[in-house]
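> My questions concern the predicted model and sequence given below.
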Amino acid sequence: MTIENTIEDLDVVILGGGVAGLGAALKARETGRTAVIFEARDSAGGLLDNFTIDGFRFDNAVHLSFATEEKVRNIFDRTPYLTHPSDSYCFEGDRWLKHPVQNNLAPLEPTDKVELIKSFLARPSALAGDDYESWLRHQYGDGIAERYPIRYTQKYWATPASALSTNWIGQRMRRAELDEILFGAMTTQTPNTYYTKEMRYPKAGGYKAFIAPLIADADIRTGHAAVEIDTAARTVRFANGAQVRYRNLVSTLPLPVLARITPDAPATVKQAASELKATSIDLVSVGFNKPLVKDLWFYIYDDDVLASRAYSPSVKSPENVPEGCSSLQFEIYSRGEESSYDGEALKQNTLAALEKMGIAKAEDIAVLDHRVLRFGNVIFDQGMEANRQCVLDWARGAGIASCGRFGEWDYLWSNQSLLSGYNAL
Ligand SMILES: Cc1cc2nc3c(=O)[nH]c(=O)nc-3n(C[C@H](O)[C@H](O)[C@H](O)COP(=O)(O)OP(=O)(O)OC[C@H]3O[C@@H](n4cnc5c(N)ncnc54)[C@H](O)[C@@H]3O)c2cc1C
C-alpha cells in the first residue's frame, strides 16, 4: 500500500480497533457520522482477537460472555452460541478444590481444615487498613487469607495485596459466611456461588465471532499505529507515514500510551500517566492430540507453577480444535508492559505443571505456543485513581474522548468496553 504524504480530513477518528473502538464506530453510524478506525495490528478485535496454529484456535486469554445489557445482547446474540455453567476449580499442592476455595475446603486434611476454620473464627473484627490485604484478613481470617488469596494476588496482580486498593472488588470476591465455609468443609456437593451462573461462547469462530457484525460494518484501517497526536492542530500521525486531521478524536489506547504519543501533554500529566500500571500477560497455549481436558477454567495456587490461571478453548467450543483433540491456555502475569519471563522457560514450566496436575504428558502435545499481551488488567494500586483522574481531565480538555478498558483505565468486561466506546461519542 502506498501512503500518500498528505493530510486526510476526517470527521471522527477512532484509535484502536478493539471492541471499544467498534462501539464508537457503531454510535457514529447510528448518528449518521463518518468514522474511521485506525488499528495498529493487522486485524481488528484487540483483546477479543484470536490466533490459530495447526487447527487449534486460541483466544487472547479466557473470554466468555455474561453480558446482560440489551444493546450488547442484540449484537452478540446474532452469533449462535453455546452456554456453559460457570464451574471452576483450584489446584493446590496435589489436589483439586472447587472455586471459591474458602467454601470448598472438603478435600483438605482434617487438621488443615480445623486450623483454617479456627483462624476464620478469630478473624479481625475491623479492617486494619484500606488496602486489599487488610480486607482479605478481615473477610477470611489470616489462615485462609495467607494460604489462598494473598498468595494468589501476587501471582495474578504481580503486586502485593498490601499495595492494592479494594476499589475493583465489586462482586468479584465472594464474601465469607460461616455456614458456607462449614458446609464446604464437610462435603464437595456445594452450590455454585459464582457471580454469574451462565457463560456464553460462540459455537464457531472464537470469542471474536460475537463482534463480527461490528467489524463487518466498520471502516477499519489496519496497520496504522498512531505515533503522534497534535491536539492543537488536531492531527494524528501514524508509524506508516499516514496523517489525518480530525474533527472528533476517540482514543481507546492505554492512557500511558496516549500521554506518551502526545507531545503537547503537560509534564504533570505525563508523570501521572507513567504511574499507571497494568499487568502484561504471557500466554502459553497448548494443543493436545487427544481429548484430555473437561474443565472450562481453573486457578493455580502453587508458587512453582508460574501460571495463575488456565482455561480450555476446546471446552469453550469443540470447534476451536481439530476433531478428537483438546486444548488449554495458561496465563502468566507480570507488572508493567514488559514480561518478566523468558518464553522458553515458561513453556517448560507449563509442561512440568501439566504433569504435576495430572493433565498431560509431553507425548500428548501437538502445539505449544508462547506470546505476550502488553496490556492485560489495570492494577488498582493504592492512589491510582488520582493519577487516572489527572490524565482523564487533561484528555477531556484536549478534546480526546478516551474510552475502553485502557482508555477509562478500569476493570471493564468486553460488554462494558463496547458500551464505553459507544457512549464516548
Ligand atoms: C485476562 C483477561 C480476561 C478477560 N476475560 C473476559 C471475559 O471472560 N469476558 C469479558 O466480557 N471480558 C473479558 N476481558 C475484558 C475484555 O478483553 C476487554 O474489556 C475488552 O476486550 C477491551 O476492549 P478495548 O477495545 O477497550 O481494548 P483492546 O481490546 O485492548 O483494544 C485496543 C486496540 O487498540 C490498538 N492499539 C494499541 N495501540 C495503538 C496505537 N498506537 N495505534 C492504533 N491502535 C493501537 C490495539 O492493538 C487494540 O486492538 C478479559 C480481559 C483480560 C485481560
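The structure has been received and is ready for your questions.
> Near the ligand, which residues of the stretch 101-250 of the chain are found?
Contact residues, the stretch 101-250 of the chain versus the ligand (CB under 6 Å from any ligand atom): 225, 226. All C-beta spots, glycine's among them, are computed from the backbone N, C-alpha and C.
> got the residue ranges for the strands in the stretch 101-250 of the chain?
Per DSSP state E, counting those that start in this stretch, the stretch 101-250 of the chain carries strands over the ranges 198-202, 220-221, 226-230, 235-238, 243-251.
> Strand 226-230 and the longest one, what's the angle between them?
The reference is to strand 243-251. Orientation note: strand 243-251 sits at an angle of 90 degrees relative to strand 226-230 (axes from the mean of the first three to the mean of the last three CA atoms, to 10 degrees).
> I'd like to know which elements strand 243-251 is packed against.
Secondary-structure packing of strand 243-251 (3 or more CB pairs under 8 Å, 6 or more residues apart in numbering; DSSP states H and E): strand 7-15, strand 35-38, strand 235-238, strand 400-402.
> just how off-centre is it within its chain?
Computed by CA atoms, centre = their mean, to the nearest Å, the separation of strand 243-251 from the middle of its chain amounts to 27 Å.
> what's the closest non-adjacent residue to residue 34?
residue 11 (4.7 Å; CB to CB, 6 or more residues apart in numbering).
> Have a look at this structure and report its longest helix.
helix 132-147 (DSSP state H).
> can you list contacts of that helix?
Helix 132-147 has contacts (CB atoms under 8 Å, 6 or more residues apart in numbering) with 101-102, 115-116, 118-128, 148-150, 153, 160-162, 164-166, 169, 173, 175-176, 301, 380.
> I'd say residue 419 and residue 23 touch.
Yes: with contact defined as CB atoms under 8 Å, residue 419 counts as touching residue 23 (6.4 Å).
> So if I had to pick from those two, which one is more boxed in?
For residue 419 versus residue 23, neighbours defined as other CB atoms under 10 Å are more numerous around residue 23 (33 against 21).
> tell me the mean pLDDT for the host helix or strand of the more buried one?
Taking DSSP states H and E as the definition, one finds residue 23 inside helix 19-30. Averaging pLDDT along helix 19-30 gives 98.
> got the contact list for the closest residue to the ligand within the stretch 101-250 of the chain?
Residue nearest to the ligand within the stretch 101-250 of the chain: residue 226 (3.8 Å; CB to the nearest ligand atom). By CB under 8 Å, 6+ apart, residue 226 lies in contact with 15, 38, 40, 236, 237, 238, 239, 253, 261.
> what does residue 288 give?
Contacts of residue 288 by CB under 8 Å, 6+ apart are 325, 326, 327, 328, 360, 364, 365, 366.
> Is the fourth one in a helix, a strand, or coil?
Reduced to three states with DSSP: H, G, I helix; E, B strand; the rest coil, the structure at residue 328 is strand.
> Wait, it touches residue 311, no?
Yes: between residue 328 and residue 311 there is a contact at 7.2 Å, judged by CB under 8 Å.
> Same drill for those two, tell me which one is more crowded.
More crowded of residue 328 and residue 311, by other CB under 10 Å: residue 328, with 28 against 23.
> Report the beta-bridge partners for that one.
According to DSSP bridges, the residues that bridge with residue 328 are residue 286.
> Identify the residues contacting it.
Going by CB under 8 Å, 6+ apart, the list of residues near residue 328 reads 285, 286, 288, 293, 310, 311, 312, 313, 354, 359.
> Looking at these, spot the one nearest residue 216.
residue 313 (23.4 Å; CB to CB).
> what about the longest helix of the chain, distance to the chain center?
Centroid separation for helix 132-147 versus its chain: 24 Å, with CA atoms, centre = their mean.
> Show me what counts as buried in that helix.
The neighbour-count check on helix 132-147 (16 or more other CB atoms under 10 Å) flags 132-147 as buried.
> could I have it exported to PDB, CA atoms only?
Extracted in PDB, the C-alpha atoms of helix 132-147 (Å, rounded to 0.1, in the frame of the first residue of the first chain):
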ATOM      1  CA  TYR A 132      -6.700  -5.300  49.900                       C
ATOM      2  CA  GLU A 133      -4.600  -7.400  52.300                       C
ATOM      3  CA  SER A 134      -6.400  -5.900  55.300                       C
ATOM      4  CA  TRP A 135      -9.700  -6.600  53.500                       C
ATOM      5  CA  LEU A 136      -8.700 -10.300  52.900                       C
ATOM      6  CA  ARG A 137      -7.600 -10.800  56.500                       C
ATOM      7  CA  HIS A 138     -10.800  -9.200  57.800                       C
ATOM      8  CA  GLN A 139     -13.000 -11.300  55.500                       C
ATOM      9  CA  TYR A 140     -11.400 -14.800  55.700                       C
ATOM     10  CA  GLY A 141      -9.000 -14.700  58.700                       C
ATOM     11  CA  ASP A 142      -5.300 -15.000  58.500                       C
ATOM     12  CA  GLY A 143      -5.100 -18.700  57.700                       C
ATOM     13  CA  ILE A 144      -7.300 -18.700  54.600                       C
ATOM     14  CA  ALA A 145      -6.100 -15.300  53.500                       C
ATOM     15  CA  GLU A 146      -2.400 -16.200  53.600                       C
ATOM     16  CA  ARG A 147      -2.800 -19.700  52.100                       C
END
